[in-house]
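# quick one, what's the 3D model for this:
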Amino acid sequence: MAAKPLVIVESPAKAKTIGQFLGKDFNVMASVGHVVDLPSTGLCVDVDHDFKLTYEVTKPEVIKGLRAALKEASDLYLATDEDREGEAIAWHLKEQLKPRVPVRRMVFHEITRRAISEAVDKSRDLNMGLVDAQETRRTLDRLYGYEVS
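Residues are numbered from 1 along each chain as shown. Okay, here's the model as predicted:
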């Protein structure tokens, strides 16, 4: 069997529809949202080391399935939502999966055959500015919200 690109979206419903648009030349799977998060207890922000966050895997079975699929993939397309949360999910997926194939960020504003095709053709690198924005928001929430509650 020839290797084909793996596309990861957030929702199973999107995966099914996008999989129909892309056809048998792509494998489309869902992360079902975030796959890592800050633990529910503790500050999880290392204020002495550049405010590094401590994450834990929240969906080990999803990660396991995605890793298995990635072993057979020629490329990885991260097609999570285009907002800062989606960009962070894409980055966390890349960090957890440790792909050995080319990784591209696929973004779209609607789920139509044309939009998905254009998203593949115009894929880009991860936007680390959006990832940093999401992490900054989580850091501030934890530093100020955690102490208050």
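# phi, psi of the residue nearest in space to the middle of the chain?
Nearest to the geometric centre of the chain sits residue 90, at 2.2 Å (Cα atoms, centre = their mean). With angles defined as degrees, to the nearest 10, residue 90 sits at phi -60, psi -50.
# how near is it to residue 70?
As defined by Cβ to Cβ, to the nearest Å, residue 90 lies at a distance of 14 Å from residue 70. (Glycine included, C-beta is placed from N, CA and C.)
# for the closest residue to residue 57 other than its chain neighbours, grab phi and psi.
Residue nearest to residue 57 in three dimensions, not counting chain neighbours: residue 36, with 5.4 Å by Cβ to Cβ, 6 or more residues apart in numbering. Main-chain torsions, residue 36, degrees, to the nearest 10: phi -140, psi 160.
# and residue 36, how many neighbours?
18 (other Cβ atoms under 10 Å).
# where does it land on pLDDT?
Predicted confidence (pLDDT) for residue 36: 97.
# again with residue 18
Residue 18 is given a pLDDT of 98.
# repeat for residue 148
pLDDT at residue 148 comes out at 60.
# roughly how far does the residue nearest to residue 57 sit from residue 75?
23 Å.
# surely the residue nearest to the centre of the chain and residue 105 touch.
Yes - using Cβ atoms under 8 Å, residue 90 is in contact with residue 105, at 6.0 Å.
# what touches both of these two?
78, 126 (Cβ atoms under 8 Å, 6 or more residues apart in numbering).
# if we can go back for a sec, now do the same contact list for the residue nearest to the centre of the chain.
8, 78, 80, 105, 126.
# who's in contact with the second one?
What it means is residue 78. Residue 78 neighbours (Cβ under 8 Å, 6+ apart): 8, 90, 93, 94, 103, 104, 105, 106, 126.
# excluding residues flanking it in the chain, which one is nearest the second one?
Distances taken as Cβ to Cβ, 6+ apart put residue 78 closest to residue 90, at 3.8 Å, once the chain neighbours are dropped.
# now the fifth one
Nearest residue to residue 103 in three dimensions, chain neighbours excluded: residue 76, at 4.7 Å (Cβ to Cβ, 6+ apart).
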